[in-house]
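Peer 1: Build me a model:
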Amino acid sequence: MTKRVIFLIVSLFLLFAVTVSSYALSFPCWYEKKGEMIEVKFSGYLVMRLRGDDAEKRAGDFATKINSLWKKGILFRKFEAVKAKGGGYIIRYGKIKIFEITMRDAQRNKTTPFYLAAKWLNNLCYGMSRLQAYRLWSRRLSHPRTMIGYASWYGGRRWNMKRTASGELFWDRKLVAASKTLPFNSLVKVTDLKTGKWVIVRIIDRGPYVKGRIVDLSKLAAELLNMVKKGVIKVKVEVIQWDDRFGGKR
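Peer 2: Prediction:
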C-alpha cells in the first residue's frame with residue numbers, strides 16, 4: 001500500500017511538472033508587480049521595468065503579443081524600432097506594433113527613447129535565446145562558440161543601404177555585425193570585457209580584416225556598448241544561436 005501511495009505521489013508530481021513546463025514554454029512572457037513598478041520578464045529574465053497608471057495594461061499587452069508570436073516562431077531580423085509621434089519609439093515586428101516607448105519612459109530611465117527601445121529589445125531577445133539555449137548544442141559546426149579579441153564598429157552614409165556579403169542591405173540602426181567566419185544570421189552576444197556591458201547582434205556581413213579584431217558592429221550595437229568614441233574595445237564573442245529564430249516548431 002505504501003509503495004502504491006508513493007508511486008501515485010511521484011506520478012502526480014511528474015504530471016504537474018510536465019504541465020507547468022509546457023505552460024511556461026507556451027506562455028514564457030509575463031509581468032510582476034514590484035510596489036509601484038511593473039517588471040516584465042521572459043522566462044524569468046528581466047526585459048523592462050515600467051511605472052505609471054497604465055503600466056500594468058501596457059505590460060499585459062506586451063506579454064500577450066510576445067507569447068502569441070513565440071508560439072508561431074519569431075525571427076530576430078523582423079524586429080525594428082521606428083519613430084513614433086511625440087518623439088517616442090515603437091518596437092515593431094514586421095507590421096505588428098509590439099510596444100511603444102514614450103518620452104516619459106525615457107525620462108524615467110534617464111536616456112533616449114531609441115536607446116531604451118534597443119536595450120529592451122536586446123533584453124527580450126537574450127531571454128528568448130536562454131529559453132531555447134539547448135538548441136545551440138544540437139548542431140555540430142566547426143566554428144568556435146566563444147572568442148576573445150577586439151571589436152570595432154562601422155556605419156553612416158558610407159555604409160548605409162549598401163549590400164553586405166549576405167546579400168542584405170546594411171543599416172547602422174539595426175543590431176547587426178560582421179564576422180570573418182560565423183554563419184550568416186547566427187546570433188552572438190558581444191560583451192565588453194572591461195565594463196561587462198553586452199549586446200546581441202545578428203551576423204550579416206564579412207570582416208573586420210584588421211589583425212586582432214573579431215567582430216565589426218553596427219553603430220547602434222556600438223552605442224549600447226558605449227564604444228562609439230573609443231572605436232575599438234576588447235570583447236568576448238559568444239554564439240547564442242546558429243540562426244535567428246526563436247520559439248515555434250522546429
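Peer 1: alpha carbons only for contacts and neighbour counts from here, please
Peer 2: Fine.
Peer 1: Please report phi then psi for residue 89.
Peer 2: Dihedral angles of residue 89 (phi, psi; degrees, to the nearest 10) stand at phi -130, psi 150.
Peer 1: This structure - how does it break down into domains?
Peer 2: Domains of the chain are assigned by automatic domain parsing as 29-131, 139-246.
Peer 1: Quick one: distance of the last one to the chain centre.
Peer 2: The one in question is domain 139-246. Distance of domain 139-246 from the chain centroid (Cα atoms, centre = their mean, to the nearest Å) equals 14 Å.
Peer 1: could the domains of the chain be laid out in CSV, adding mean neighbour count and mean pLDDT?
Peer 2: Shown next, in CSV, are the domains of the chain (neighbours: other Cα atoms under 10 Å; pLDDT from 0 to 100):
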stretch, mean neighbour count, mean pLDDT
domain 29-131, 17, 95
domain 139-246, 19, 93
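Peer 1: what sits against residue 215?
Peer 2: When contacts are counted by Cα atoms under 8 Å, 6 or more residues apart in numbering, residue 215 touches 150, 151, 152, 177, 178, 179, 180, 207, 208.
Peer 1: To clarify, my last question referred to residue 247.
Peer 2: 70, 71, 72, 73, 74, 128, 132.
Peer 1: Out of the residues you listed, which is nearest to residue 231?
Peer 2: Nearest to residue 231 out of the contacts of residue 247 is residue 128 (Cα to Cα; 29.6 Å).
Peer 1: From the contact counts, what lies against whichever helix or strand that closest one is part of?
Peer 2: Residue 128 belongs to helix 113-131 when assigned by DSSP states H and E. The contact analysis (3 or more Cα pairs under 8 Å, 6 or more residues apart in numbering; DSSP states H and E) places helix 113-131 against strand 37-42, strand 45-50, strand 79-83, strand 89-93, strand 96-101, helix 103-108, strand 198-205, helix 219-224.
Peer 1: who touches the next helix or strand after the second one?
Peer 2: Next helix or strand after strand 45-50 toward the C-terminus (DSSP H and E): helix 55-72. Counting by Cα under 8 Å, 6+ apart, helix 55-72 makes contact with 26-31, 37-38, 40, 50, 98-99, 246-249, all of which sit outside it.
Peer 1: who does whatever helix or strand comes next after helix 55-72 touch, helix- and strand-wise?
Peer 2: Using DSSP H and E, the next helix or strand after helix 55-72 towards the C-terminus is strand 74-75. Here strand 74-75 touches strand 245-246, going by 3+ Cα pairs under 8 Å, 6+ apart.
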